[in-house]
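1. Need coordinates for the following:
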Amino acid sequence: YSSSLLNTLATASYISLPGSTEVVNSLRMNHTYCPYDKSSCHDHCSDFSPLERPCHDLNSILDRQLFGTLLNTGERSAVFYSTSPVVEEHYGPHQIYFYYLNVGEEIGRVEMPRWVAQNEKLLDLTHSLVLDQCRRGMGYPAALTEAHEQAVISGSDRESFKELVETTLDNHHIPVFTSEKSRA
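-> Have a look, this model is predicted:
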């Protein structure tokens, strides 16, 4: 990627009704919830049942619930980075960062690569564009709603694709197995 392109391209995704607990899990390290110098369930709390651990109160809280109490409509949270092992192992310089956004109807999660999160102009642009799209779409980004509608494959398109695959397989003398149920 050219650095000039990365300085102008605001790439982001929107997750509706996120089920993440990355931010809440980070609170376990806070001395309010864990009395130990280094919060480590394995080292300090393995003798406790999950219901007896000092951080038990956090077990049923999702990030969106936490930010639902902290953010006013239109506000976003601080920016966090994903600690997912998949992201850390495979994304390299495009590590995923995220923030939570109160769009009015829900708390959504907005994810972006590191180079967007670390560029204040691009970060602000994702915030304003996602918020505008959610307002236009009555709580969900209008552009995503339209994309979902356009992505629907019609029955005739599906049948044409199936015939194309079967013809190609047949031309290469690869047997095509179709159930009688599919034929009917």
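2. Buried by neighbour count: which residues of stretch 86-102 qualify?
-> Using 16 or more other Cβ atoms under 10 Å as the test for burial, stretch 86-102 gives Val87, His94, Gln95, Ile96, Tyr97, Phe98, Tyr99, Tyr100, Leu101, Asn102. C-betas here are computed from N, CA, C, even on glycine.
3. Which two among those residues are spaced furthest apart?
-> Farthest pair in these (Cβ to Cβ) is His94 and Asn102. Separation: 26.5 Å.
4. can you pull the buried residues of the helix or strand hosting Val23?
-> Using DSSP states H and E, Val23 sits within helix 22-27. Using 16+ other Cβ under 10 Å as the test for burial, helix 22-27 gives Val23, Val24, Asn25, Leu27.
5. next one: that helix to chain centre, how far?
-> From the chain centre to the centre of helix 22-27 is a distance of 16 Å (Cα atoms, centre = their mean, to the nearest Å).
6. Which ones among the buried residues of stretch 86-102 map onto helices?
-> The helices, defined by DSSP state H, take in Val87 from the buried residues of stretch 86-102.
7. which among the buried residues of stretch 86-102 gets closest to Ala78?
-> Tyr99 (6.8 Å).
8. buried stuff in the helix or strand that contains Asp157?
-> Using DSSP H and E, Asp157 sits within helix 155-171. By neighbour count on 16+ other Cβ under 10 Å, the buried set for helix 155-171 is empty.
9. Other residues contacting it?
-> With contacts defined as Cβ atoms under 8 Å, 6 or more residues apart in numbering, helix 155-171 is touched by Ile153, Pro175, Val176, Thr178.
10. shaky segments in this protein?
-> Along the chain, the model assigns pLDDT under 70 to residues 1-7, 28-42, 44-59, 179-184.
11. Sweet, I'm off.
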